[in-house]
Structure formats: C-alpha cells, structure tokens
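Trainee: predicted model, plus sequence, below.
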Amino acid sequence: MRSLIVDDELTSRIILQKILSPLGECTIAVNGQEAMEAFILAKKNRMPYNLICLDIMMPGINGQTVLQHIRGIEEKEEIPRASRVKIIMTTARDDSKTIMESVIKFGCDSYILKPINKIKLLSRLKELGLI
C-alpha cells in the first residue's frame, strides 16, 4: 500500500508513519502544496497512492482545498469512485460541521480525530478495504 501523509505537525506525521510504514511505502508532505505536488507526481509516474491521510487544518492550503483539488483531478480523468485514492481526514478539533462538509461536499472516505492511535487507524483501513 502506498500512503501519503499530509500534516503540518511533526508529531502527527511521526505517529502516522510508524503505523503505516509496515504496510508499505509512505511519503510525507508538510503542507497542502506539497501534498498536491506529490499526488500529481505519483499519478504521472503511474504509482498512485492507495491512501492519503490528510490534516484538515493547515496553514496556507488547507486539507479541504487539497481534497477538493484531488477529487477534481479524479473527476476530470473519469476515474471510477471505487478506483480513487482513499482519503482519511485527520483533525484535532471535534468540529462536526467541518468534518461533515469534507465527507459530503468534497468526498473524503473517512475521518479520524487526533490523537491518532493504531487501533483506530487500522480499523478505518479495514473498513475501506485497504488491509
């Protein structure tokens, strides 16, 4: 499984990488711009990501904008929903309005509240059919 971890907080990136690296290759992006560049490069190289863990609240380009951009690319390329990258939004705030907007309006597949723990994340991956 190829994963892209997108978070501006070092601790969150380390935790996600420790959980996901035994399952396959992990790429790290520290902001939204890096995330979009990594997604496009992976597609160009025909090595797309299976999973993106995407922080909602980041300085500059936030997670919702990144999500919208990625889904826009997939729509434009007419990638069937079942074949699209699975995106799990991560957030430290229990802001149900923002989370539901990400799920319904922009098409994220799941979300996890921080702090992220291994059991919770692996459960989400199973629900999404990634493991």
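Mentor: It's in.
Trainee: C-alpha only now, for contacts and for neighbours.
Mentor: OK.
Trainee: host element of residue 11?
Mentor: If you go by DSSP states H and E, residue 11 is part of helix 10-20.
Trainee: now the residue in the chain sticking out farthest from the centre: how far from residue 65?
Mentor: The C-alpha centroid of the chain is most remote from residue 78, which lies 19.9 Å away (Cα atoms, centre = their mean). From residue 78 over to residue 65 the distance is 20 Å, taken as Cα to Cα, to the nearest Å.
Trainee: any chance you could map the strands in this protein?
Mentor: 3-6, 26-29, 51-55, 86-91, 110-113 (DSSP state E).
Trainee: in TSV, list those along with mean neighbour count, mean pLDDT and distance to residue 19.
Mentor: Shown next, in TSV, are the strands of the chain (neighbours: other Cα atoms under 10 Å; pLDDT from 0 to 100; distance: least, Cα to Cα, whole Å):
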stretch	mean neighbour count	mean pLDDT	distance to residue 19
strand 3-6	26	99	11
strand 26-29	18	98	10
strand 51-55	25	97	12
strand 86-91	23	93	14
strand 110-113	19	89	14
